[in-house]
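*Asks:* could you work out the structure for the sequence below:
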Amino acid sequence: MPRPRLPAEKAAASGAAIINPGRFADRKAPKRSRAIGEPYERMTDEQKAVWFDTVADAPWLRAHHRIALRQVCIIAARMDTDPDMGVSAHQALSSLLSKLGLTPVDDTKVAHDDREEGEPEDRFFGGKPN
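*Replies:* Numbers count the residues shown, from 1 in each chain. Coordinates of the predicted model:
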């Protein structure tokens, strides 16, 4: 089974588009893709808090992720109030997080730049290639 296609925005955020530019050259994001927006009105305050935390950590989430993100919020908020939450709910949460690219494994794929701004090597490596 082939690996699922990586969305263009997630490829840019993770650095995959820099590592393999040819693979992502023709990949385009949906043209009518809207921002994720505000949480649903009927969500509880705890669920809305999970929503805002998740959206802040995942800039690639768009409007078509809203339903899956709502499910994540419901289950994650339930974890705090229901100590006897079943294994199937934990598995569902894990599956949803994986589908949204929000697992620790996905985090290791994101290129984090730990260098300070204005480091000396920037004058050598900061411009366009020859």
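
*Asks:* low-confidence regions, this structure specifically.
*Replies:* Scanning the chain for pLDDT under 70 picks out the ranges 1, 4, 27-32, 107-130.

*Asks:* which strands and helices lie in contact with the biggest helix by length in it?
*Replies:* Assignment by DSSP state H gives helix 66-81 as the longest helix of the chain. Secondary-structure packing of helix 66-81 (3 or more Cβ pairs under 8 Å, 6 or more residues apart in numbering; DSSP states H and E): helix 45-57, helix 87-99. Using the backbone N, CA and C atoms, a C-beta is placed for each residue, glycine as well.

*Asks:* tell me which of those sits most buried.
*Replies:* Compared across the helices and strands packed on helix 66-81, helix 45-57 shows the largest average neighbour count, a mean of 15 (mean count of other Cβ atoms under 10 Å).

*Asks:* distance of the residue nearest the centre of the chain relative to Asn20?
*Replies:* In the chain, the residue lying closest to the centroid (Cα atoms, centre = their mean) is Ala58, at 3.6 Å. From Ala58 across to Asn20, the span is 22 Å (Cβ to Cβ, to the nearest Å).

*Asks:* again, but for Ile75
*Replies:* The value you get for Ile75 to Asn20, if Cβ to Cβ is used, is 34 Å.

*Asks:* the two: who's more crowded?
*Replies:* Ile75 (20 against 12; other Cβ atoms under 10 Å).

*Asks:* how about the nearest residue to the more buried one, chain neighbours excluded?
*Replies:* Leu93 (4.4 Å; Cβ to Cβ, 6 or more residues apart in numbering).

*Asks:* wait, what's in contact with the one you found?
*Replies:* 72, 75-76, 79 (Cβ atoms under 8 Å, 6 or more residues apart in numbering).

*Asks:* how about Ala63?
*Replies:* Neighbours of Ala63 in contact, by Cβ under 8 Å, 6+ apart: 33-37.

*Asks:* going by neighbour count, which of the contacts of Leu93 are buried?
*Replies:* When these are checked for burial by 16 or more other Cβ atoms under 10 Å, the buried set is 72, 75-76.
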